[in-house]
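J.: please find the sequence and the predicted model below.
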Amino acid sequence: MTLPARLASFVSTALPALLCLPACGDDGGKTDETSTTVPLSTTTGEPGTSSTGPTPTTGDGSSSTGAPAGPNCVALTTESACAAEPDCLWKGVVQYSYGAQGCSGSISNFCIDRTPNGGASAWYRDVGGAPQVVEFGYTPDDLGPEWTACSCDGPLACLCTSITDTCPERLGEFCGGISTSMGCNNANVLGDPRCAWLSVSPEGPPDVNCADDAQVDTCLPADMGNITMCTPPAYTFGNCAGFNQEIFWREVDGVVEITTACGPQPLGFTRCEGDDTPEQPDECKCRCL
């Protein structure tokens, strides 16, 4: 089981009611944002259902549906204040961040509802100009208006949770922001690998010439469904006869880019056919030189 999967399991079992905020002590409400941080190069867990928002409350302490509102545990930022409220519990939850290494997570203490309701959900808010993304095992009804449910429109760290959808329209941004091969090859969304570390060679404008520009290693979104399969066609052009990898091409801002792979299918690229055709650029031969 991967580390993120263990974190997700921790959320759903040992931490049945999770919400993430900076850890707080007993010293008069002063928050302590230090927490145990572990690298998460993947996003794991079974898909959940994102919350659509906290239950609105009225001035008399009841919800807008007429039911009594739950305790406002979220607003309690110290362990002592949380312990003084019998309906609240001071507990650890998972907080996610995203960066050049991919996803990372930490466990932070927060005051949550002792008797939570609803399924697991993930939320984010702005803290000091940076997104704070948290996942907890229930759907809170006492979050303030600064919180927003994670979705494909949220920060990239939302894709690190086990709740947010796969968000295919964000995968280019998600994979492209990772700058290490380890972080890229381990980058999962909802438990499935979504990125591949590949070498891309810019070959200049479409023509018959190959450029001398250096190949660039980069993290690309890829279909990893059949990564054990490598079935390149029998190439008949250039020096590619017998080439044992699949060749792919794309054109970006008038520049043809070529990459090769054995298993991963880079998204946004077109596979070069074995026979040279008018539809594919002559640059398909450039990786066989």
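T.: Structure's in. What do you need?
J.: make it CA atoms for all contacts and neighbour counts henceforth
T.: Fine.
J.: domain ranges for this protein?
T.: 3-171, 194-288 (automatic domain parsing).
J.: buried deepest among those, which one?
T.: Ranked by mean neighbour count, the domains of the chain are led by domain 3-171 with a mean of 20 (mean count of other Cα atoms under 10 Å).
J.: mean pLDDT added to the domains of the chain, as a markdown table?
T.: Listed next are the domains of the chain as a markdown table, based on pLDDT from 0 to 100:
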| stretch | mean pLDDT |
| --- | --- |
| domain 3-171 | 71 |
| domain 194-288 | 92 |
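J.: take those domains and write them to TSV, including distance to residue 180.
T.: TSV is the format used below for the domains of the chain (distance: least, Cα to Cα, whole Å):
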stretch	distance to residue 180
domain 3-171	6
domain 194-288	8
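J.: got the contact list for residue 195?
T.: For residue 195, the contact set (Cα atoms under 8 Å, 6 or more residues apart in numbering) comprises 175, 184-188, 219-224.
J.: oops, could you answer that again for residue 289 instead?
T.: The contact partners of residue 289, by Cα under 8 Å, 6+ apart, come to 238-240.
J.: ok, residue 248 next?
T.: Contacts for residue 248 (Cα under 8 Å, 6+ apart) come out as 258-261, 266, 269-272, 284.
J.: just the closest of the contacts of residue 289 to residue 118, please.
T.: Looking at those and their distance to residue 118, the nearest is residue 240, at 57.3 Å (Cα to Cα).
J.: distance of the residue lying closest to residue 202 once chain neighbours are set aside relative to residue 267?
T.: Spatially, and ignoring its direct neighbours in sequence, residue 202 is nearest to residue 257 (4.5 Å; Cα to Cα, 6 or more residues apart in numbering). Separation of residue 257 from residue 267 (Cα to Cα, to the nearest Å): 13 Å.
J.: before we move on, the earlier item: of the contacts of residue 195, closest to residue 86?
T.: residue 188 (39.1 Å).
J.: what helix or strand does residue 171 sit in?
T.: helix 171-176 (DSSP states H and E).
J.: can you pull up the most central residue in this structure?
T.: Central residue of the chain (Cα atoms, centre = their mean): residue 159, 2.8 Å from the mean position.
J.: and the residue nearest to that one when sequence neighbours are not counted, how many neighbours does it have?
T.: Closest residue in space to residue 159, ignoring its immediate chain neighbours: residue 189 at 6.2 Å, by Cα to Cα, 6+ apart. Neighbourhood size, residue 189 [other Cα atoms under 10 Å]: 27.
J.: wait, residue 189 touches residue 170, no?
T.: No: Residue 189 is not in contact with residue 170 according to Cα atoms under 8 Å; the separation is 11.1 Å.
J.: hang on, the earlier thing: and the contacts of residue 248, which two are furthest apart?
T.: 266 and 284 (15.1 Å).
J.: residue 176: neighbour count?
T.: The number of residues near residue 176, taken as other Cα under 10 Å, comes to 18.
J.: name the nearest residue to it, sequence neighbours excluded.
T.: residue 219 (5.4 Å).
J.: residue 115 too?
T.: residue 87 is the one closest to residue 115 (Cα to Cα, 6+ apart), at 7.3 Å.
J.: residues contacting the one you found?
T.: Residues near residue 87 by Cα under 8 Å, 6+ apart: 71, 73, 113-115.
J.: as CSV, the residues you listed with secondary structure and distance to residue 93 would be great.
T.: Putting the contacts of residue 87 into CSV (DSSP: H, G, I helix; E, B strand; the rest coil; distance: Cα to Cα, whole Å) gives the following:
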residue, secondary structure, distance to residue 93
71, coil, 18
73, helix, 14
113, strand, 13
114, coil, 14
115, coil, 16
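J.: now for the residues you listed: which two are most distant?
T.: Applying Cα to Cα across the contacts of residue 87, the maximum distance is between 73 and 115, 11.1 Å.
J.: off-centre distance for stretch 247-255?
T.: Distance of stretch 247-255 from its chain centroid, counting by Cα atoms, centre = their mean, to the nearest Å, is 26 Å.
J.: please disregard the earlier target; I meant stretch 165-182.
T.: Using Cα atoms, centre = their mean, the offset of stretch 165-182 from its chain centre is 7 Å.
J.: what do you get for stretch 157-168?
T.: 5 Å.
J.: strands of the stretch 151-289 of the chain, start to end?
T.: For the stretch 151-289 of the chain, the strands defined by DSSP state E, counting those that start in this stretch occupy 188-189, 192-193, 195-202, 216-223, 246-252, 255-261, 265-266, 270-271.
J.: thinking again about what came up before, if you count contacts, what does the helix holding residue 171 end up packed against?
T.: Helix 171-176 is packed against strand 216-223, with contacts defined by 3 or more Cα pairs under 8 Å, 6 or more residues apart in numbering; DSSP states H and E.
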